[in-house]
Each structure stands twice: as C-alpha cells, then as structure tokens.
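Asks: show me how the following folds:
(one chain, ligands or ions: 2)
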Amino acid sequence: MPTIPLLDQQEIARILDRLASQVRERHAHCDQVMLVGIERRGADLARRLAALLGHGLGRPVPLGTLDINLYRDDWTSLEGKPHIGRSCIPEDVDGRVVILVDDVLFTGRTIRAALEALLDYGRPSAVELLVLVDRGHRELPIQADYVGRTVNTSRQEHVDVLLTERDGQDAVSLIAP
Ligand code: 5GP
Ligand code: MG
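Replies: Numbering: from 1, shown residues only. Ligands and ions are numbered 1, 2, ... in the order given. Take a look at the predicted model:
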C-alpha cells in the first residue's frame, strides 16, 4: 500500500499551536469554552489543545470526551448507526461554547451523532468544530470552524493519524488502497 507522508511531528505541533491561537482569537479569555474530544484520537488532540490553551490562560480549560462509533457497513441511510459509548462531560454545558475536537472529518456522520449526544447534556450557547484533517466527502451539511490541514482524498484512501500518546509517534500520512 503506497503511503504519502503528510505531516510530521513538528508540523502537527505547529498546527495545534495555530489552532489554539485561532480559538483564542475568537474567544479571547475562553471563559465559556469547553473542549470535547471524540474518542479516541480526537480526545488525545483535545487534551493537547486544553494544555496549550490552559498554559496561555494560566488556568485549566474544561475538557470532556464523547465516544461515538459508527457502523460503517451501513451506507444506505443518512441516519447511519451511531453507537454512543462511554462519554464524560464533567461540567454543565448550558451557556457554554463547546468545541468538538476530532482527528479526521469525512462524511460528517460522526459529528452529527456527537451533536445529538452532546445536546442530551444541555443547551450550549454555541457548538464549534475543530479537526486536525478535513479529508472531504461530506454527506451532511457539516463544516469545521478550525481545520489543521485540508487533504484531497479519494473515498478509498485513508488518512493514517498517529499520536504519541497512543501510537508512540506523531505523524499523519495518506494511505492509498
Ligand atoms: P465521518 O463520520 O465524518 O465519516 O468520519 C469521521 C470519523 O471517522 C472520525 O472520528 C475519524 O476518526 C474517523 N475517520 C474517517 N475517515 C478517516 C480517515 O481517513 N482516517 C482516520 N484516521 N480516521 C477517519
Ligand atoms: Mg474517530
């Protein structure tokens, strides 16, 4: 399987710095901001962003996780078959700006399911989306507010995201079928 390197450790670090800056530009003191990472690698990225933001602010930024698994054999209905696993939203979401964080945005179905799961917890004042990679092929009207890197992919390709805390190294590459 041909592999094309897209991002190395330094580039990923630079992108996360930039994304944290963009969050700060929109939400100066991040007073109402809560980061919610989609398990698993979205949650890893949310932890890193919370650390970057918290470092700049001198206080921790609230952090939660949602576990959304889609059964990808079901392509026949727009509803899909999301399975909501164990989620952890540690604080009240009412009135908060919740920033969902994921590693890769593809059809948008995971985020749709994440929104549904999140809104069971309360009524945020706004929900935004931050992704490391947008690989296109949306099937729902869902776009990210903060994008690390846009990558043109075919449906058959796969973006391999490796993160140190889970995979022992930071790297993103494109895997052709
Ligand atoms: P979607 O629901 O938008 O079709 O897919 C997004 C979810 O599936 C994300 O949580 C992401 O982790 C995973 N995903 C979809 N496509 C890829 C891909 O090419 N590479 C990786 N690493 N994850 C993907
Ligand atoms: Mg995922």
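Asks: need the strands for the protein, in chain order.
Replies: 3-7, 33-38, 63-66, 68-70, 82-84, 97-105, 126-134, 146-150, 158-162, 171-175 (DSSP state E).
Asks: of the ones you listed, which shows the lowest average pLDDT?
Replies: Sorting the strands of the chain by mean pLDDT places strand 82-84 lowest, at a mean of 80.
Asks: which ones are touching the residue nearest the centre of the chain?
Replies: Closest residue to the average C-alpha location of the chain: D102 at 1.5 Å, with Cα atoms, centre = their mean. Neighbour list for D102: G37, I38, R41, G42, L45, T110, I111, A114, L129, L130, V131, L132 [criterion: Cβ atoms under 8 Å, 6 or more residues apart in numbering]. The C-beta positions use only the backbone N, C-alpha and C, and glycine is treated the same way.
Asks: can you pull the residues of the chain lying near ligand 1?
Replies: 38, 70, 102-110, 135, 158-159, 161 (Cβ under 6 Å from any ligand atom).
Asks: and which of those is nearest I175?
Replies: H158 (4.5 Å; Cβ to Cβ).
Asks: does the nearest residue to that closest one once chain neighbours are set aside have beta-bridge partners, and which?
Replies: Of all residues not flanking H158 in the chain, I175 sits nearest, at 4.5 Å (Cβ to Cβ, 6 or more residues apart in numbering). Judged by DSSP bridges, the bridge partners of I175 are T3, H158.
Asks: didn't I175 look like it was pressed against V161?
Replies: No - I175 lies out of contact with V161 (Cβ atoms under 8 Å); the separation is 10.8 Å.
Asks: which one's more surrounded, the two?
Replies: Each of I175 and V161 has its neighbours counted (other Cβ atoms under 10 Å); V161 has more, 23 against 14.
Asks: give me the neighbour count for the nearest residue to that one once chain neighbours are set aside.
Replies: Leaving aside its chain neighbours, V161 sits nearest to D103 (4.6 Å; criterion: Cβ to Cβ, 6+ apart). Residues near D103, counting by other Cβ under 10 Å, number 20.
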